[in-house]
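A.B. asks: Only the shape, not the letters, is given here:
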């Protein structure tokens, strides 16, 4: 008996350790490889390609002066500079007679990269072009060139041409031409998540070391560093010497700059503080462009901030824009986003009498639907749904689901945690519970679904995001739980709830 008592704590410790390791591995995988909508990468590719195109046009003004064999930085001098280390620059092997043809070819490739034409190839070429120009003329290699190279590298690793691109338009045309329009939902890629994370972490490293390097200078401690910058006539775009009569202002800006740069690596991961950190960074870089004339550097840094943007929010904004323009848009809930097809291939029209097929399949990865505005596209439910409880950690998901259900005369409460869900289940009656898995570890999601189903005896619909789809077989083993893999349209989610309740055949609501 005593031996059993001694063994039990050991087994509990092993179980706890195993659960923590599994959760840590799941969190690591979700952080790096949870499939992501490439919308923001497409926008960053467009803006980065524009900056590269502009940069090459500027080089055209003095191409022979900087890149000629006997220019301001002679070719042999550059080769001797790099003799002890390997660098890549195709300009080290280009003769003067091919200078302009190669340069024009680079401009064309940059334009193709910008608009997303053959992006898988042109993104790699854009990176090679960027480092070739900067390495050939190291005397003119500044922060803009380094950040441009960083952006081109990570965009080359990702499917940056999957959205906001000519490639996307061609794929859509090809699907329509071959009758494959039902597969029009934007794809999600693990490589898109990885590339976004790499940009985010690279920004964190840049600001962290920039802040700590400033601490080596005594003028940053005294606050005089910012005054030295604005008083330097070489950089003055606007006259800021009036700060001499308000010395506390440049001192304050100096201290805030150091505090912001050193804290960025930590505070940027706090969702509540992230908008403030990005707003301060945007103000700083736009200020660098406006007051010091370094617009290219300021802009490329702010373009990198888009890696922190939520594709869900931007999809909804684009959806609203096209809705106001009278376009047929489609809102689709994906694993972590609400996605938009501006011209949906399988969108339901608003004409009365349009035939709609209910799909209660557990995998709704190709579902696309149009938001209900007039009510003429609503699905006649087999069971009169009335009360729905939604559990979702993301406020955007809660809002989208709540608004959709209420727009179809369905009472809906939405909460952000399992504790609040259990509290409401104790006090109110519901017809069904919908749990959005995004934001939950797999073990926590399993426990939450089991607790809700066992306590309430209500049907539970679970939306599985990313690697959570591995749990589908475990959920399907229960008769009161149905798992659906994301992405899925709001319309399909509502259809699945109706199908679940229809199979149960019980009364709904109060």
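C.D. replies: Perfect, I can see it now. Model, not experiment: these values are computed from the prediction. Residues are numbered from 1 along each chain as shown.
A.B. asks: Pull out the buried residues from stretch 202-222.
C.D. replies: 202-203, 206-208, 211, 214, 220 (16 or more other CB atoms under 10 Å). To be clear about C-beta, it is placed using only N, CA and C from the backbone, and glycine gets the same treatment.
A.B. asks: Let's see the pLDDT reported for the nearest residue to residue 111 once chain neighbours are set aside.
C.D. replies: Leaving aside its chain neighbours, residue 111 sits nearest to residue 53 (5.6 Å; criterion: CB to CB, 6 or more residues apart in numbering). Per-residue pLDDT puts residue 53 at 98.
A.B. asks: Residue 53 contacts residue 114, correct?
C.D. replies: Yes. Under the contact definition of CB atoms under 8 Å, residue 53 touches residue 114, with a separation of 5.5 Å.
A.B. asks: Between the two, which is the more surrounded one?
C.D. replies: residue 114 (23 against 20; other CB atoms under 10 Å).
A.B. asks: where do the helices sit along the stretch 151-300 of the chain?
C.D. replies: Under the criterion DSSP state H, counting those that start in this stretch, helices of the stretch 151-300 of the chain are mapped to 166-177, 190-214, 218-222, 225-230, 248-267, 274-292, 295-304.
A.B. asks: What distance do you get for residue 285 to residue 27?
C.D. replies: With distances taken as CB to CB, to the nearest Å, residue 285 is found 32 Å from residue 27.
A.B. asks: before we move on, back to that, got CSV for the helices of the stretch 151-300 of the chain, with distance to residue 139 and mean pLDDT too?
C.D. replies: Shown next, in CSV, are these (distance: least, CB to CB, whole Å; pLDDT from 0 to 100):
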stretch, distance to residue 139, mean pLDDT
helix 166-177, 36, 87
helix 190-214, 22, 95
helix 218-222, 26, 90
helix 225-230, 22, 86
helix 248-267, 27, 94
helix 274-292, 20, 93
helix 295-304, 17, 95
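A.B. asks: Next, the contact list for the closest residue to residue 78 other than its chain neighbours, please.
C.D. replies: Of all residues not flanking residue 78 in the chain, residue 136 sits nearest, at 6.5 Å (CB to CB, 6+ apart). If you count contacts by CB atoms under 8 Å, 6 or more residues apart in numbering, residue 136 has them with 66-67, 73, 78, 89, 91-92.
A.B. asks: okay, now the domains of this protein?
C.D. replies: 1-30, 34-188, 190-309, 328-504 (automatic domain parsing).
A.B. asks: Quote the end-to-end distance of the third one.
C.D. replies: It refers to domain 190-309. 17 Å (CA to CA, to the nearest Å).
A.B. asks: Give me the neighbour count for the residue nearest to residue 235 when sequence neighbours are not counted.
C.D. replies: In this structure, residue 235 finds its nearest non-sequential neighbour in residue 292, 4.5 Å apart by CB to CB, 6+ apart. By the criterion of other CB under 10 Å, residue 292 has 19 neighbours.
A.B. asks: Equivalent analysis for residue 57, please.
C.D. replies: By other CB under 10 Å, neighbour count at residue 57 equals 11.
A.B. asks: Use 16 as the first number for this chain going forward.
C.D. replies: From this message on, residue numbering opens at 16, which makes the last subject residue 72.
A.B. asks: so how far is residue 145 from the residue nearest to it when sequence neighbours are not counted?
C.D. replies: Leaving aside its chain neighbours, residue 72 sits nearest to residue 122 (7.0 Å; criterion: CB to CB, 6+ apart). Look at residue 122 and residue 145: by CB to CB, they are 13 Å apart.
A.B. asks: Look up how far residue 447 lies from the residue lying closest to residue 167 once chain neighbours are set aside.
C.D. replies: Leaving aside its sequence neighbours, residue 167 sits nearest to residue 142 (CB to CB, 6+ apart; 4.0 Å). Distance from residue 142 to residue 447, counting by CB to CB: 50 Å.
A.B. asks: Comparing those two, which residue is more hemmed in?
C.D. replies: residue 447 (27 against 23).
A.B. asks: which non-adjacent residue is nearest that one?
C.D. replies: Per CB to CB, 6+ apart, closest to residue 447 is residue 474, 4.9 Å.
A.B. asks: Give me the neighbour count for residue 181.
C.D. replies: Residue 181: 15 neighbours (other CB under 10 Å).
A.B. asks: actually residue 422, sorry about that
C.D. replies: Residue 422 has 15 nearby residues by other CB under 10 Å.
A.B. asks: With residue 421 instead?
C.D. replies: 12.
A.B. asks: Just the element for it, please.
C.D. replies: Using DSSP states H and E, residue 421 sits in helix 410-422.
A.B. asks: mind listing what's buried in that helix?
C.D. replies: 411-413, 415-417, 419-420.
A.B. asks: go on, stretch 94-104?
C.D. replies: residue 104.
A.B. asks: what's the answer for stretch 85-96, then?
C.D. replies: 86, 88, 90, 93.
A.B. asks: The last one against residue 102, yeah?
C.D. replies: No. At 9.4 Å, residue 93 and residue 102 do not qualify as touching, with contact defined as CB under 8 Å.
A.B. asks: how much space between the closest residue to residue 172 other than its chain neighbours and residue 424?
C.D. replies: Excluding the flanking residues, the one nearest residue 172 by CB to CB, 6+ apart is residue 210, at 5.1 Å. For residue 210, the distance to residue 424 (CB to CB) stands at 43 Å.
A.B. asks: ditto for residue 457
C.D. replies: Computed as CB to CB, the residue 457 to residue 424 distance reads 35 Å.
A.B. asks: cool, residue 171 as well?
C.D. replies: For residue 171, the distance to residue 424 - CB to CB - is 49 Å.
A.B. asks: So for these two, which residue has more residues nearby?
C.D. replies: Using other CB under 10 Å, the more surrounded residue of residue 171 and residue 424 is residue 171, with 21 against 11.
A.B. asks: contacting residues for the more buried one?
C.D. replies: Contacts of residue 171 by CB under 8 Å, 6+ apart are 138-139, 141-142.
A.B. asks: quick one: which of those residues is nearest residue 491?
C.D. replies: In terms of CB to CB, no member of these lies closer to residue 491 than residue 138, at 40.2 Å.
A.B. asks: which residues touch residue 226?
C.D. replies: 272-273, 275-277, 279.
A.B. asks: Reformat these as CSV; add neighbour count and distance to residue 518.
C.D. replies: Shown next, in CSV, are the contacts of residue 226 (neighbours: other CB atoms under 10 Å; distance: CB to CB, whole Å):
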residue, neighbour count, distance to residue 518
272, 19, 61
273, 18, 62
275, 17, 56
276, 22, 57
277, 18, 57
279, 22, 52
